[in-house]
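Trainee: Give the three-dimensional model of this entry:
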Amino acid sequence: MALDKKTVMERMIAGDLTLSNADVLEAFRIDPHFDPYSVALDELDPGHPALFANDTLWSHFERLRAEDPVHLTEESMFGPYWSVTKYKDIMYVDTHHELFSSQQIQGGIALGGRPREEEDPYALPMFIQEDPPKHDDQRKVIAPMFVPRNLADLEPLIRERAGQILDNLPVNEEFNWVREVSVELTGQMLATLFDVPQEDRMKLIDWSDTVSNLGNPEYFDTPEQGFQELFNCLGYFTEYYNERKTQPKKFDLISMLAHDDATNDMSPQELLGNVLLLIVGGNDTTRNSITGGVLALNKNPDEYNKLLQNPGLIPKMVPEIIRWQSPVAHMARTAMQDVELGGKQIRKGDRVAMWYISGNRDEEAIENANQFIIDRANPRQHTAFGYGVHRCVGNRLAEMQLRVIWEEIMKRFSRVEVTGDPVYLPTSFIHGIRELPVTLRA
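Mentor: Alright, predicted model coming up:
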């Protein structure tokens, strides 16, 4: 017998990871194609994964930006939460970490998070789920990997790999762009950053996908099953972490973590948390921008023609693709005190979602925000990388990979033509594409 919504909500808020993913989706089932203007505002639940799986989220956020920019959803599979949907309000929340905490023990950075004790085996502390000063101390450990000088050294390797990937693709034959290009390039890059064997790169991709699919019944019956897979990731990286403590420091992410006082004595949960942060940050965001750019150009043929006539527009097109795709759809925070935002009273302990994907469509902040324009005057004005102390540390690497892959695409093909329907991730955290059928034209 199906569980009622109240029971499911209580068990989720209590952190019951044995609750069936199918029961959760059944209890909160919606028609993803319903008109959000046909119901009362307080009935809107913009974080429902079905809206993202069916790409029907846009009108929900359009209405919220216009009518209720700081919106309370009282009943959802995540529990009650506030949606912040306007650019300026998102920036305010993101730049006031003393008011809105990222700490996992407060609930963490994604909807559905709950306060956890540090000894909880399913608690995965990571520096993005910390506040200063611990956040700053741990972020500084890996930040040197992403400075401009090091990125310049990495670019020839990325270009070589991008070329090899593209040269092995079939022409005039349909294939899945996500698997053959986006995943392959980001997987190879991750293996390099961690300095693990290239033949293990798909393990990294699988663990990243596990994080995105913990609540997906197509992958796992319960979130607990997904965590069991993540513990395999812990075993894999624990061996490298301990080994590199005994070796001279090298310029890879695991060696950096193993040799710095802020990170060389992490608990197993904290090691797993930080490794998963780096895997997801290096995989999901870049791979979905690589895929999203192909889809955006096909949906906007005038812009694709503009690119074909002037490949020099690629450096401007790259941040526009990232804005348009918004690969991280939201980041969540927990209010540390009563705060007024957008005329609404947010109470201490309330969960708050900053919808980057909505802020990037805010016409009051971004001119023609609902248009994809590859020669936009100020393309880096977007919310996709966040603001403040938690701004994405790898943003320049993501942009470089996207720029290089498009430069290499333009050397080889007249067009990357989308020849089938995209399949989207059923999650409101990563705005992702699982499949994109394409055909290359020589």
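Trainee: Which strand or helix spans residue 416?
Mentor: Assigned by DSSP states H and E, residue 416 belongs to strand 415-418.
Trainee: Packing partners of that strand?
Mentor: Judged by 3 or more CB pairs under 8 Å, 6 or more residues apart in numbering; DSSP states H and E, the packing partners of strand 415-418 are helix 268-299, strand 437-441. For glycine as for every other residue, the C-beta is placed from the backbone atoms N, C-alpha and C.
Trainee: just flag whichever of the ones you listed has the lowest average confidence.
Mentor: When the helices and strands packed on strand 415-418 are compared on mean pLDDT, helix 268-299 scores lowest, with a mean of 94.
Trainee: The very next helix or strand once past that one - what's its average pLDDT?
Mentor: Using DSSP H and E, the helix or strand that follows helix 268-299 in sequence is helix 301-309. Helix 301-309 shows an average pLDDT of 98 in the prediction.
Trainee: same check, this time on stretch 371-391
Mentor: Stretch 371-391 shows a mean pLDDT of 95.
Trainee: All the helices of the stretch 301-442 of the chain, residue numbers only.
Mentor: 301-309, 314-325, 356-359, 395-412 (DSSP state H, counting those that start in this stretch).
Trainee: Got the confidence number for residue 119?
Mentor: 67.
Trainee: again with the one 5 residues further on
Mentor: Reported pLDDT at residue 124 in the predicted model: 82.
Trainee: got it, and residue 1?
Mentor: Looking at residue 1, the pLDDT reads 64.
Trainee: What strand or helix carries the residue nearest to residue 37 when sequence neighbours are not counted?
Mentor: Leaving aside its sequence neighbours, residue 37 sits nearest to residue 63 (CB to CB, 6 or more residues apart in numbering; 6.0 Å). Residue 63 is located in helix 58-67, with elements delineated by DSSP H and E.
Trainee: Could you do residue 83 as well?
Mentor: Taking DSSP H and E as the criterion, residue 83 maps to strand 81-84.
Trainee: mind listing what that strand pairs with, with the direction of each?
Mentor: Its sheet considered, strand 81-84 pairs with strand 70-73 (antiparallel), strand 351-355 (parallel) by DSSP bridges.
Trainee: mind putting the ones you listed in JSON lines, mean neighbour count included?
Mentor: Output for those, formatted as JSON lines (neighbours: other CB atoms under 10 Å):
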{"stretch": "strand 70-73", "mean neighbour count": "21"}
{"stretch": "strand 351-355", "mean neighbour count": "27"}
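Trainee: what residues are up against the most centrally placed residue in the chain?
Mentor: Nearest to the centroid of the C-alpha atoms of the chain, with distances taken as CA atoms, centre = their mean, sits residue 328, at 3.3 Å. Counting by CB atoms under 8 Å, 6 or more residues apart in numbering, residue 328 touches 284, 285, 356, 384, 386, 429, 430, 431.
Trainee: if I look at it, how far off is residue 382?
Mentor: The gap separating residue 328 from residue 382 is 11 Å, by CB to CB, to the nearest Å.
Trainee: Could you do residue 406 as well?
Mentor: Taken as CB to CB, the span from residue 406 to residue 382 is 18 Å.
Trainee: so what's residue 416 up against?
Mentor: By CB under 8 Å, 6+ apart, the contact list for residue 416 reads 177, 294, 297, 298, 409, 438, 440, 441.
Trainee: Now render those residues as JSON lines, adding neighbour count and distance to residue 83.
Mentor: Output for the contacts of residue 416, formatted as JSON lines (neighbours: other CB atoms under 10 Å; distance: CB to CB, whole Å):
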{"residue": "177", "neighbour count": "24", "distance to residue 83": "31"}
{"residue": "294", "neighbour count": "25", "distance to residue 83": "29"}
{"residue": "297", "neighbour count": "26", "distance to residue 83": "30"}
{"residue": "298", "neighbour count": "18", "distance to residue 83": "30"}
{"residue": "409", "neighbour count": "21", "distance to residue 83": "36"}
{"residue": "438", "neighbour count": "24", "distance to residue 83": "34"}
{"residue": "440", "neighbour count": "21", "distance to residue 83": "40"}
{"residue": "441", "neighbour count": "11", "distance to residue 83": "41"}
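Trainee: Can you tell me the closest non-neighbouring residue to residue 337?
Mentor: Residue nearest to residue 337 in three dimensions, not counting chain neighbours: residue 348, with 5.1 Å by CB to CB, 6+ apart.
Trainee: you'd agree that neighbour is up against residue 100?
Mentor: No: assessed by CB atoms under 8 Å, residue 348 is found out of contact with residue 100, at 10.9 Å.
Trainee: Neighbour count for the two, which is higher?
Mentor: residue 100 (28 against 11; other CB atoms under 10 Å).
Trainee: Give me the phi and psi for that one.
Mentor: Per-residue torsions, residue 100: phi -130, psi 110 (degrees, to the nearest 10).
Trainee: From here on, call the first residue 741.
Mentor: Understood, numbering begins at 741; the last thing we discussed is residue 840.
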